[in-house]
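A.B. asks: Sequence first, then the predicted structure, then my questions.
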Amino acid sequence: MNKVIALASLAAIMWLNSAIALATPAPADAICYIGYPNDGQTLPANKPFRVWFGLRNMGVAPKGVNFPNTGHHHLLIDTDLPPLDKEIPSDRSHLHFGAGETETTLVLPPGKHTLQLLMGDYMHMPHTPPVYSKKITVYVK
């Protein structure tokens, strides 16, 4: 019985160590932000508007490129941060910019909307520590 418990404990430790080893590190001073639009800004309905992604103390690299201190942007629309220990979803609320884009154009329906950026590594996983922007609110009228 003690051997089974010891083996299970060893397996759990090895699994945790491999998960930590797989986490892509980010610089502790990395900052991600939305440069435009501004928090609280009102934007015209049915017209495209530009969203500009800002990043400091870290570089941008496309998905699949595993280079230290780099990642690519994911724009979260009208949603909260996803689990930070899992791959970032890809859907209408989680837009991936895996080619290394630093801006996009959006058209949103009238109403109140939130925008937030989350950096992902070469496999679309959040970094450790995670690098994400403040969530902003825009109004489309």
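C.D. replies: Nice, thanks for sending it over.
A.B. asks: Residue 75 is in what secondary structure piece?
C.D. replies: Per DSSP states H and E: residue 75 is located in strand 70-77.
A.B. asks: tell me what whatever helix or strand comes next after that strand is packed against?
C.D. replies: Per DSSP H and E, strand 70-77 leads on to strand 94-96 as the next helix or strand towards the C-terminus. The contact analysis (3 or more C-beta pairs under 8 Å, 6 or more residues apart in numbering; DSSP states H and E) places strand 94-96 against strand 70-77. Bear in mind the C-beta positions are built from the backbone N, C-alpha and C, glycine included.
A.B. asks: and the strand it packs on, how far from the chain's centre?
C.D. replies: What separates the centre of strand 70-77 from the centre of its chain is 4 Å, taken as C-alpha atoms, centre = their mean, to the nearest Å.
A.B. asks: repeat for stretch 102-117
C.D. replies: Its chain's C-alpha centre and that of stretch 102-117 lie 15 Å apart, by C-alpha atoms, centre = their mean.
A.B. asks: ok, back up a step: strand partners of the strand holding residue 75, parallel vs antiparallel please.
C.D. replies: Paired strands of strand 70-77, with direction, are strand 59-60 (parallel), strand 94-96 (antiparallel), strand 111-120 (antiparallel) (DSSP bridges).
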